[in-house]
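> Build the 3D model from these lines:
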Amino acid sequence: MRVKKYIANNMPEAMDLIRLDLGPNAVILHSEKVKQGGILGLFGKTKLEVMAAVDTDLLDFPQKPARNGDHAIQAMRDELESLKVAITQATQSRPALPTAAPRVASLEDWYQRLIDQGVSQTLAHDIIQRVANELSRWTLDNQGVLNEHLHWYLGRQLPAPSPLTLTPGQPHVFFIVGPTGVGKTTTIAKLAAKFAHAPYHKARVLMITTDTFRVAAIPQISAFGEILGIPVEVAYTPQQLNELIARHSHRDLILVDTPGRSQRAASEVAALTDYLAAVPNKTVHLALTAGSKQEDMRHTINAFSSMPLNGLIFTKIDETASLGAAYSMACECGLPLSYLTNGQRVPEDIEVATAEHVVDLLVGSVPDEIRSTRNGASPNSVSVLNRRYSYGA
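Sure thing, here's the model as predicted:
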């Protein structure tokens with residue numbers, strides 16, 4: 001038996017190293033966090049130490065005892081098997097799963113957990129099947145490894161997050177569209193406050209509303225503007241919107257609120273596209289209520305797909321106990337997530353929709369001993385200059 005220790009940044013990286021070195025029959029015996037570098041144990045980087053083994057000797061022996069009654073080979077096989085069990089028990093830092101509870105049961109529990117959270121059956125089955133196939137090559141029966149890998153894999157299904165990022169000297173026009181009642185105006189106010197009162201750089205922000213249909217729309221956004229100290233303009237026509245944006249080209253960020261449109265009213269959605277067409281350089285994000293049914297979300301996305309959508313915003317996540325439908329639709333439509341809103345407070349109740357946080361909301365957070373080794377779907381790194389201009393990046 002060949003036993004070897006590996007140092008990696010995370011479990012997927014370690015798995016690649018072990019597979020390349022020991023082959024597909026390797027078994028992970030133990031994994032733990034270790035500190036490397038630093039001075040006197042301080043300021044070191046956290047790494048993942050993984051001990052793996054492969055039973056190379058067994059490959060040279062037949063799987064069944066020879067018919068001629070030669071028991072020597074079988075005895076050697078038994079001895080090697082006992083040695084493998086002893087090494088596993090000696091190096092395992094956490095108690096292993098009982099032998100009566102096979103790994104398949106854990107995967108079944110995970111599948112049911114995803115279904116209970118509202119994840120579509122097709123997506124849940126695909127995720128569990130792919131994880132089962134990956135782990136079967138490594139014969140990983142460790143519950144911690146299984147949980148870590150599933151968290152990592154769930155995050156990997158989501159497109160990279162796409163929060164607002166501003167470039168100095170280039171005004172950014174940001175539209176939020178969506179059905180009635182999803183919280184577009186409140187989300188606009190939260191983003192306006194975050195950027196206008198950012199700690200590193202106070203961006204010059206303007207709010208424009210094109211919602212001249214709803215009775216309370218203009219008073220609502222005007223009240224937000226007065227409280228936040230941010231100017232507000234009203235555009236009654238697409239041409240007026242274009243003129244307002246041209247007049248305020250010195251602004252860093254122009255947030256455009258739009259009237260709610262039903263996904264079942266194609267003519268109303270089409271009328272909204274005229275406002276979008278009037279602005280050549282823009283970013284358009286679709287706001288959806290996180291607690292909506294998956295089929296309703298699908299209809300809404302299809303109805304607004306005629307627009308140049310750049311991303312999704314899930315609102316009111318505090319009003320639902322299940323994020324599975326929202327997760328499923330984000331994976332299905334392929335649009336990157338930008339923000340999550342979780343209450344009415346302005347500007348506190350908004351956050352960047354990182355893959356790690358979305359998965360934590362979906363199935364619960366991973367333990368602290370695993371979190372530092374988890375490989376997110378797509379880390380969000382920005383320059384120091386851009387970090388001044390972006391909330392949550």
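> Poorly predicted segments of this structure, please.
Across the chain, residues meeting the criterion (pLDDT under 70) sit at 1, 37-44, 55-105, 136-142, 263-266, 365-393.
> All the helices of it, in order from the start?
11-22, 72-91, 103-116, 121-136, 143-156, 184-196, 217-228, 238-247, 266-277, 294-304, 324-333, 355-363, 368-371, 384-389 (DSSP state H).
> And the fifth one, what does it pack against?
Same thing as helix 143-156. Counting contacts by 3 or more Cβ pairs under 8 Å, 6 or more residues apart in numbering; DSSP states H and E, the secondary-structure elements packed against helix 143-156 are helix 11-22, strand 27-36, helix 103-116, helix 121-136, helix 355-363, helix 368-371. For every residue, glycine as well, the C-beta is placed using N, CA and C.
> Give the buried residues for that helix.
Of the residues in helix 143-156, those buried by neighbour count under the rule 16 or more other Cβ atoms under 10 Å are 144-155.
> Please apply the same query to the fourth one.
For helix 121-136, the buried set under the neighbour-count rule, 16+ other Cβ under 10 Å, comprises 123-124, 127-128, 131, 135.
> from those residues, which two are the most distant?
Spatially, the most separated pair among these is Leu123 and Leu135, at 18.5 Å (Cβ to Cβ).
> before we move on, the earlier item: list just the nearest of the buried residues of helix 121-136 to Lys293.
Using Cβ to Cβ, the buried residues of helix 121-136 come closest to Lys293 at Leu123, 15.2 Å.
> Apart from its chain neighbours, what residue comes closest to that closest one?
Using Cβ to Cβ, 6 or more residues apart in numbering and skipping the chain neighbours, the partner closest in space to Leu123 is Ser328 (5.3 Å).
> how many other residues sit next to the spatially closest residue to Ala278 that is not a sequence neighbour?
Counting by Cβ to Cβ, 6+ apart, Ala278 lies nearest to Pro238, which is 3.8 Å off, once chain neighbours are set aside. A count of nearby residues for Pro238, using other Cβ atoms under 10 Å, gives 18.
> from memory Pro238 sits against Ala271, does it?
No - look at Pro238 against Ala271 with Cβ atoms under 8 Å: they stay out of range, at 9.5 Å.
> follow-up on the earlier one: would you mind measuring from the residue nearest to Ala278 to Ile208?
For Pro238, the distance to Ile208 under the criterion Cβ to Cβ, to the nearest Å works out to 12 Å.
> that older thread, closest to His248 among the buried residues of helix 143-156?
When the buried residues of helix 143-156 are compared for distance to His248 (Cβ to Cβ), Gly155 comes out closest, at 38.2 Å.
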